[in-house]
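*Asks:* let me see the structure of the following:
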Amino acid sequence: MGQLFFSLGDHLRDELKQCLPVFVDRLKNEPTRLSTMKALVKVTSSPLRNDVSPVLADLLTLSTGFLRKNLRNLRLATLELIGALSRDYGQGIGAPVMSNIIKELPALIQESDLTIAQVALHVIVAAGNTHAAAIREHKEPIVARIVEISRSPVMQGSTLTAVVEAIKILAVIGSKDDTDLKPTVLIKRFLQPVYENTLNSQNIPEVVFSATHRQGFFGTAKCVAALALASGTDAAVVAACITDILTKDSSENVKMISLAVIAEIGYYSDLSSQPKLQEAFHFVFENGKDDSKTFAAMALGKICGGNVRKFVPNIIAELENESQKQYVILNALKELIHLVPSERISIEGIAPFVDRMWNSLLKRAGSVEEGYRNLLGECLGKLTALEPVRFVPLLIDVLQKTPAVQVRCTMITAIKFTVSDERRAIDPVLKDAIGVFLGFLNDPDLTVRRTALTLFNCVAHNKPVLLKDKLNVLLPLVYKETCIKEELIREVEMGPFKHEVDDGLDCRKAAYECLYTLLDSCLDQLNIFEFMDYVSRGLTDHYDIKTLCFLFIRRLVQSAPLSVTQRVDQFVVEIVKLLQSKAKPNAVKQEHEKNDELKRAALRAVHSLTLLPESDKSRSIAEVMGTIKAVPDLAAMWEHVKNELTLTAVATHAQGDVPMDTN
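*Replies:* Residues are numbered from 1 along each chain as shown. Reported below is the predicted structural model:
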C-alpha cells in the first residue's frame with residue numbers, strides 16, 4: 001500500500017485521505033505496527049509530496065512513544081518518518097510535540113548503532129531549522145552525545161557527515177542567543193578529551209593528556225573545522241594549533257589533534273598566510289613520533305585543497321630532495337593524489353605538477369625496502385588512474401625494459417592500485433594492458449611472482465571481467481605456484497638447533513588466496529574438479545594453507561555441492577589424518593593452541609560436508625564422524641563447533657532487532 005501511494009499518490013489523493021485514519025489505527029496495534037510504519041515512511045518520502053497533515057498530530061504523538069521501544073527496526077522506521085514529517089511540516093508541528101521528540105533523541109545517538117544515530121541526527125538538523133527553542137531546551141544531552149560519538153574510531157562516511165551537519169545547526173542556533181552553543185564554546189567541548197582547558201597567564205591552554213582513541217581524532221577535527229569555518233575563526237584556531245605543535249611540552253595526542261584540525265581547515269581555507277605553518281610541519285617531521293608524523297603527512301597533503309599552487313610544489317620539492325623525510329613526504333603525496341578529483345582539487349589544478357611527481361616517483365622505484373616500494377607503487381597507481389591512457393603505456397614500457405627486480409615489483413604494485421581505484425572508468429584501458437602485467441606470474445624471480453599474484457588477486461576481486469578471456473592462460477600459472485618447491489626450502493642453524501625455512505611459503509599462500517577469490521568471482525570459468533585437486537593438495541601443506549583450504553571446502557559445499565559429493569573421499573582422508581595428529585610432547589603452549597585451532601577449522605569443514613545431499617549415506621563421512629566420537633576431546637570440540645555454527649546461522653537469518661541501550 002505504501003509503495004502504491006509512493007508511486008501514484010498524485011492520482012490517489014482522495015483514497016489517501018480515506019486510508020490515513022486506517023494507518024493511524026494500525027499503528028496502535030502491535031502486530032501491524034512495524035509494517036504500517038514502513039508503509040508510512042514510503043508515503044511521506046514520495047517526491048509527489050503526499051499530504052498527511054490530517055493525521056500529523058496523531059502520527060507524531062504515537063511515534064514519540066515508539067522511540068522508546070526495544071525493536072530496532074521500529075525505532076529506525078519511526079525516526080525516518082519523524083525526519084520526513086519534520087522536513088515537510090516543520091512549521092506546522094507544535095512546540096510541545098517537537099520538544100518531546102527531541103527529548104528522546106540523545107539516547108539514540110550511540111556508537112553501538114551508527115545507522116540509528118545518523119537518522120536521529122538528521123531529525124535534529126530538520127528540527128533545528130524550525131524549532132530552535134526545542135533544541136535549546138535539550139542542548140546539554142544533545143551536545144554531550146554528539147561530542148562522544150564524534151570521538152568514535154568507527155565514525156566515518158555518511159554518519160560523520162550527519163554529525164557535522166548537526167553541529168553546524170547547533171552553532172547557528174548558538175550564534176543568535178545561546179552562549180552555551182556558540183562555536184567557540186562548542187570547539188572547547190570537542191577538544192576537552194585532549195585539552196583540559198586550564199589556562200595559564202598567557203591565556204594559552206596548558207596541555208594535559210586525556211585518553212582518546214587516535215582514530216577518533218579525525219571525527220573531532222572535522223567538527224572543530226566545521227565550527228571554525230562557519231564562525232570565521234578558522235585563522236585563529238589554526239594559529240592556536242600551530243602554537244600547540246611547537247610547544248615542547250605538548251603531548252603526542254595534542255600534536256595529532258592539532259594536525260588533524262589544520263588538515264580539515266586547510267582543505268577549505270588557504271593557510272599560506274600562516275607564518276609558522278611550515279615550521280610546525282618541519283618540527284613534527286624532525287622531532288615527532290611515528291603517529292605524529294603520519295598525521296603531519298596527512299595534513300600536508302590535505303591543505304593543498306586550500307591553495308594548490310602554493311603547497312603542491314612544496315611537496316614535490318621535498319620529494320626531489322634526497323632527505324630522510326622521503327617516506328613521510330610520500331605519504332603526503334599519497335593523500336594529495338587521493339583527493340584528486342574532489343571538491344577542492346581538480347585534475348586540471350594539479351596538471352602542471354604531474355610530470356614532476358611522476359619522474360620523482362620513478363626515480364625511486366628501485367628501492368630495496370618493500371614497504372617503501374609499496375607506497376611508491378600506490379602513488380604511481382593512483383596517479384596512473386588520473387590519466388590511464390597516458391600513464392599505463394609508460395608503466396608497461398618501464399616494466400618490460402628494466403632488469404631490476406625491485407622496479408618490476410613497483411610497476412606491478414602500481415597497476416594493482418590503478419585496478420582498485422573505483423572512482424574512474426578505466427576498464428577499457430586496462431583490458432588489453434592487464435595481460436602484460438599478469439604475464440609476470442611466470443617471472444624467474446620469486447618476489448616478482450608473489451607481487452604478480454597479489455595483482456591477480458586484486459583483479460579477480462575488483463574487476464574479474466578483465467580476466468574473462470585470459471583465465472585459461474593465467475590459471476595454470478597460479479596453480480603452479482601452489483606446489484611445494486624443494487629448492488626453496490633451506491636449513492638454518494639456530495644455536496644447537498636446525499630449523500627449516502620455506503622461502504616459497506608466502507608465494508603459495510598468495511596463490512591459494514587467488515584461488516579463494518576466484519571461487520567468488522569466476523566460479524563459472526573454473527574446472528571444478530581440477531580446482532578441488534589443488535585444494536586437496538593444500539590440506540597437506542603448511543598450517544596457514546591448511547586453514548585456508550578448510551574454508552575452501554566450506555565454500556565449495558555452498559557453491560558446487562554435487563561436485564564436492566564426488567570428492568568427499570579425497571577430502572576426508574586428509575581430514576582424518578589431521579584429527580588424529582597430536583602435537584609433539586615437548587611442544588610449547590602456542591603449538592598446542594595452533595593444533596587445536598586447526599582441528600576446529602577441520603571440524604567446521606566436516607560440518608559443511610554433513611550438509612551435502614545424502615551425506616547420511618556416505619561411508620567417508622561416517623568414518624570421520626566415528627573418528628570424532630571415538631576421542632572425547634574431539635567429541636567435545638565437535639559439539640562446540642556445531643553449536644557455534646548453528647548460532648551463526650540463526651543470527652544471519654534474524655531480523656536484526658536488538659534491545660536499546662538506555663544507559
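*Asks:* which SS state does residue 425 fall under?
*Replies:* Secondary structure, DSSP: H, G, I helix; E, B strand; the rest coil: residue 425 is coil.
*Asks:* next one: it relative to residue 458, how far apart?
*Replies:* Remark: distance between residue 425 and residue 458 (Cβ to Cβ, to the nearest Å) = 17 Å. Glycine gets a C-beta too; all of them are placed from N, C-alpha and C.
*Asks:* try residue 90
*Replies:* Counting by Cβ to Cβ - residue 90 and residue 458 are separated by 48 Å.
*Asks:* just residue 169 next, same as before
*Replies:* Per Cβ to Cβ, residue 169 is found 42 Å from residue 458.
*Asks:* with residue 28 instead?
*Replies:* 54 Å.
*Asks:* compare the two (neighbour count), which wins?
*Replies:* Set residue 28 next to residue 458 and count neighbours by other Cβ atoms under 10 Å: residue 458 wins out with 19 against 11.
*Asks:* from memory that one sits against residue 421, does it?
*Replies:* No. With contact defined as Cβ atoms under 8 Å, residue 458 does not reach residue 421; the gap is 10.8 Å.
*Asks:* what touches both of these two?
*Replies:* When contacts are counted by Cβ atoms under 8 Å, 6 or more residues apart in numbering, residue 458 and residue 421 have no shared neighbour.
*Asks:* in the chain, what secondary structure element scores lowest on mean pLDDT?
*Replies:* Every helix and strand in the chain was compared by mean pLDDT, DSSP states H and E; the lowest is strand 205-207, with a mean of 40.
*Asks:* helix or strand right after it?
*Replies:* helix 217-231 (DSSP states H and E).
*Asks:* name the residues of that following helix that are buried.
*Replies:* Neighbour-count burial for helix 217-231 flags 217-229, 231 (criterion: 16 or more other Cβ atoms under 10 Å).
*Asks:* likewise for stretch 580-597?
*Replies:* Applying 16+ other Cβ under 10 Å to stretch 580-597 flags residue 595 as buried.
*Asks:* how about the CA coordinates for that stretch, as CSV?
*Replies:* C-alpha atoms of stretch 580-597 as CSV (Å, rounded to 0.1, in the frame of the first residue of the first chain):
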residue,chain,number,x,y,z
GLN,A,580,44.3,-38.0,14.6
SER,A,581,47.5,-36.0,14.7
LYS,A,582,49.0,-34.8,18.0
ALA,A,583,51.4,-32.0,19.0
LYS,A,584,54.9,-33.1,19.9
PRO,A,585,55.4,-34.0,23.6
ASN,A,586,57.9,-31.1,24.1
ALA,A,587,55.7,-28.6,22.1
VAL,A,588,55.1,-25.2,23.7
LYS,A,589,51.7,-23.9,24.6
GLN,A,590,51.4,-21.9,21.3
GLU,A,591,51.9,-25.0,19.3
HIS,A,592,49.2,-26.9,21.2
GLU,A,593,46.8,-23.9,20.7
LYS,A,594,47.6,-23.8,17.0
ASN,A,595,47.0,-27.5,16.6
ASP,A,596,43.6,-27.2,18.4
GLU,A,597,42.6,-24.3,16.2
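*Asks:* low-confidence regions, the stretch 1-150 of the chain specifically.
*Replies:* For the stretch 1-150 of the chain, not a single residue meets the criterion pLDDT under 70.
*Asks:* what about the helices in it?
*Replies:* For the stretch 1-150 of the chain, the helices defined by DSSP state H, counting those that start in this stretch cover 2-8, 13-27, 30-44, 56-66, 72-89, 95-104, 114-130, 132-137, 139-150.
*Asks:* ok, which stretches of the stretch 151-300 of the chain are strands?
*Replies:* With DSSP state E, counting those that start in this stretch as the criterion, the stretch 151-300 of the chain has strands at 195-199, 205-207.
*Asks:* how about the strands in the stretch 401-550 of the chain?
*Replies:* Applying DSSP E, counting those that start in this stretch to the stretch 401-550 of the chain gives strands spanning 489-494, 497-502.
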